[in-house]
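Participant: attaching a predicted model along with its sequence, questions to come.
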Amino acid sequence: MGPMRVALVAALVLSAAVLLRGQTIKSIQAAIENHDSAGAARMLAAALARSPRDAGLWNLQGVVHAQQSEMPAARAAFEKAVRLDPSLIPAWQNLARACQAMSDASAMSCAAAAWERVLRAQPRDTQALTSLATVMEWQGKFAESLRLLDKLPPDEATRSAWLALRCGDLAGLHRAPEAAAAAQRLAGATDFSETDAESILPVLEATHNAQLLVTLLEALDKRGQASRTGLEHLALAYEQLHRLPDARRTLERVAVADPQNTGHLLELARIAYLLHDYEGCLGYLGHARALTPKDARIHFLFGLVALDMQLPVEARRSLTKALALDPDNPDYNYAMGGVLLGGGNGAESVKYFARYVAKRPADPRGHFALGAAYFASLQYDKCRAEMLKIRNDPKTEAGADYFLGRVARVEEKFDEALADLNRSIQLAPSFAEAHTELARVYLAQNHLAEARAAIDRALKLDPDGFQANSVLLSIMQLTRDPGADKQATRLRTLDAERSRKRELMLRTIEVKPY
């Protein structure tokens, strides 16, 4: 075969190969457009077996993976394509999109580098500019993002999506007046949508720009375009601005739109509690309880709010249900112990506080509560053991010394009691019960002047304290004070139950629902 004939045959073979490749790519693209991922994958496998270094085929392989939401595989295919042919701009664009769809830091760096490569080849590419600006904003590079937005043509820069990006960048840079102006402009844009607001929600929330969120989401709500998720964000922004009634009204709309979701009811209960509307709080919790009667946390919260409303029977009933569903939960046991101790059932409360301590041995509050329960059930040695464990902890040292002083007084170790109680008073001088207990020690020693001085300090701090008024009456009777009869009458009018709770220092053994 002559040289010319060899050249002709080679040209014909090359032409046929190019034609075959073109037909193959068209077939693959058609399958992709018809969402026939399986067919496209089969054709690509065959084509890549013949031409494993064809960048265009690897680009299509990445498209097929992306179509099936296999983003790591898509990224790997696009990266192979650009390594084989760095000039293949569609592959760089696809690589950037694939990485931008992923959330990890490596993917964001990949997306930024790919879009920068596109911009070097096509400096006026609007999608590349705005996409890179978006990635920069996600990375917290707000100034770089703004510089990219400034390169947009004037007609593009007024689109709502780009206005949203600008608003987010300005907020991230703490340029508050400019960010507020951008938010107002965005809220008034005819093409403004919830998608635009969602794109900058993470930035606005991270930078604590609740007012900007309210501006945008209220505008959408007035247009009837705010979704349930958007209203949830609006309610949260209202709360951050301390507009609790607005937050509550907004969340009630969410709850009506999604009536089987107890999460909304729990949020409403929390906000009602913050508004001191305990009846409303119980109403929301009761509705949630009816929807999910096996949810121990709802019974727990209901019990604590009932306790705040001075409904101890209902509180105990609800906490009993919570513990039946989750008997080892330390918080539920602590709360039940507090209810029982506050109701005068010290011996019964011991087992609940003991369970709490077993679960959270490092928490000094548990030892304090258990020690108080031991004291109330007359188990003084055990009370002392618990209080000694925590007398040097700043959270409980004043209370621990108070109970150690009480135990010492009961055991008639008066010098030890005076030392413990004076230390408690030094640590917490406004705690009236410690002064009352100090007066009892002086009274037992027949030091009436010192007892009267101590009880006067207690009554100055808490004039209606039952225990302090009781000790005062004893002192007045011993000193034949002519006001003793009047003091006896006053003592009968005081609320002994509430005073006894304060005297036991139960304020330290509270479990608040929110």
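Facilitator: The structure has been received and is ready for your questions.

Participant: what does the helix or strand hosting residue 334 contact?
Facilitator: Taking DSSP states H and E as the definition, one finds residue 334 inside helix 330-342. With Cβ atoms under 8 Å, 6 or more residues apart in numbering as the test, helix 330-342 has contacts from 296, 300, 303-304, 307, 312, 315-316, 319-320, 322-323, 326, 346, 348-350, 352-353, 355-356, 359-360, 365-366, 369, 372-373, 376, 501, 504, 506, 509-511. All C-beta spots, glycine's among them, are computed from the backbone N, C-alpha and C.

Participant: next helix or strand past that helix?
Facilitator: Defined by DSSP H and E, the subsequent element after helix 330-342 is helix 346-359.

Participant: by how many degrees do that next one and helix 330-342 diverge?
Facilitator: 160 degrees (axes from the mean of the first three to the mean of the last three Cα atoms, to 10 degrees).

Participant: so which other helices or strands are in contact with helix 346-359?
Facilitator: Here helix 346-359 touches helix 330-342, helix 364-376, going by 3 or more Cβ pairs under 8 Å, 6 or more residues apart in numbering; DSSP states H and E.

Participant: got the contact list for the last one?
Facilitator: Outside helix 364-376, the residues within contact range by Cβ under 8 Å, 6+ apart are 330, 334, 337-338, 341, 344, 346-347, 349-350, 353-354, 356-357, 360, 380, 382-387, 389-390, 393, 395-396, 399-400, 403, 406-407, 504-506, 508-509.

Participant: same question for that helix, mean pLDDT?
Facilitator: Helix 364-376 carries an average pLDDT of 96.

Participant: so it versus helix 330-342, what angle?
Facilitator: Using the same axes, to 10 degrees: helix 364-376 against helix 330-342 is 30 degrees.

Participant: just the CA trace of helix 364-376, in CSV.
Facilitator: Extracted C-alpha coordinates of helix 364-376, given in CSV (Å, rounded to 0.1, in the frame of the first residue of the first chain):
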residue,chain,number,x,y,z
PRO,A,364,-23.0,19.1,93.7
ARG,A,365,-26.7,20.0,93.5
GLY,A,366,-27.5,16.3,93.7
HIS,A,367,-25.5,15.8,96.8
PHE,A,368,-27.0,18.9,98.4
ALA,A,369,-30.6,17.8,97.6
LEU,A,370,-29.9,14.3,98.9
GLY,A,371,-28.4,15.7,102.1
ALA,A,372,-31.5,17.9,102.6
ALA,A,373,-33.7,14.9,102.1
TYR,A,374,-31.7,13.0,104.7
PHE,A,375,-32.0,15.9,107.1
ALA,A,376,-35.8,16.1,106.6
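
Participant: could you point out the helix or strand that follows it?
Facilitator: helix 380-390.

Participant: centre of the chain versus the host helix or strand of residue 91, how much separation?
Facilitator: Element membership of residue 91, judged by DSSP H and E, is helix 89-100. Offset of helix 89-100 from its chain centre (Cα atoms, centre = their mean, to the nearest Å): 35 Å.

Participant: who does it touch, helix- and strand-wise?
Facilitator: Using 3+ Cβ pairs under 8 Å, 6+ apart, the elements in contact with helix 89-100 are helix 55-67, helix 71-84, helix 105-121, helix 126-138.

Participant: which secondary structure elements does the longest one contact?
Facilitator: Contacts defined by 3+ Cβ pairs under 8 Å, 6+ apart place helix 105-121 against helix 71-84, helix 89-100, helix 126-138.

Participant: quick one: buried residues of the last one?
Facilitator: Residues 128, 129, 130, 131, 132, 133, 134, 135, 136, 137, 138 are the ones in helix 126-138 that count as buried (16 or more other Cβ atoms under 10 Å).

Participant: which strands and helices sit next to that helix?
Facilitator: Against helix 126-138 (3+ Cβ pairs under 8 Å, 6+ apart) you get helix 89-100, helix 105-121, helix 142-149, helix 160-172, helix 194-206.

Participant: any chance of JSON lines for those, columns mean neighbour count, mean pLDDT and distance to residue 25?
Facilitator: Shown next, in JSON lines, are the helices and strands packed on helix 126-138 (neighbours: other Cβ atoms under 10 Å; pLDDT from 0 to 100; distance: least, Cβ to Cβ, whole Å):
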{"stretch": "helix 89-100", "mean neighbour count": "23", "mean pLDDT": "90", "distance to residue 25": "12"}
{"stretch": "helix 105-121", "mean neighbour count": "18", "mean pLDDT": "93", "distance to residue 25": "22"}
{"stretch": "helix 142-149", "mean neighbour count": "19", "mean pLDDT": "94", "distance to residue 25": "33"}
{"stretch": "helix 160-172", "mean neighbour count": "24", "mean pLDDT": "93", "distance to residue 25": "32"}
{"stretch": "helix 194-206", "mean neighbour count": "19", "mean pLDDT": "90", "distance to residue 25": "33"}
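
Participant: leaving out the residues flanking it, which one is nearest to residue 425?
Facilitator: residue 434 (5.0 Å; Cβ to Cβ, 6 or more residues apart in numbering).

Participant: so who does that neighbour touch?
Facilitator: Neighbours of residue 434 in contact, by Cβ under 8 Å, 6+ apart: 398, 402, 405, 421, 424, 425, 428.

Participant: from residue 142, how far off is the last one?
Facilitator: In this structure, residue 428 and residue 142 are separated by 48 Å, where distance is defined by Cβ to Cβ, to the nearest Å.

Participant: swap in the third one?
Facilitator: From residue 405 across to residue 142, the span is 59 Å (Cβ to Cβ).

Participant: remind me which residues of the chain are low pLDDT?
Facilitator: 1-22, 496-511 (pLDDT under 70).

Participant: hmm, back to that, just the buried residues of the contacts of helix 364-376.
Facilitator: By neighbour count, with 16+ other Cβ under 10 Å, the contacts of helix 364-376 hold 330, 334, 337-338, 341, 346, 349-350, 353-354, 356-357, 360, 380, 382-384, 386-387, 389-390, 396, 399-400, 403, 406-407, 504-506, 508-509 as buried.
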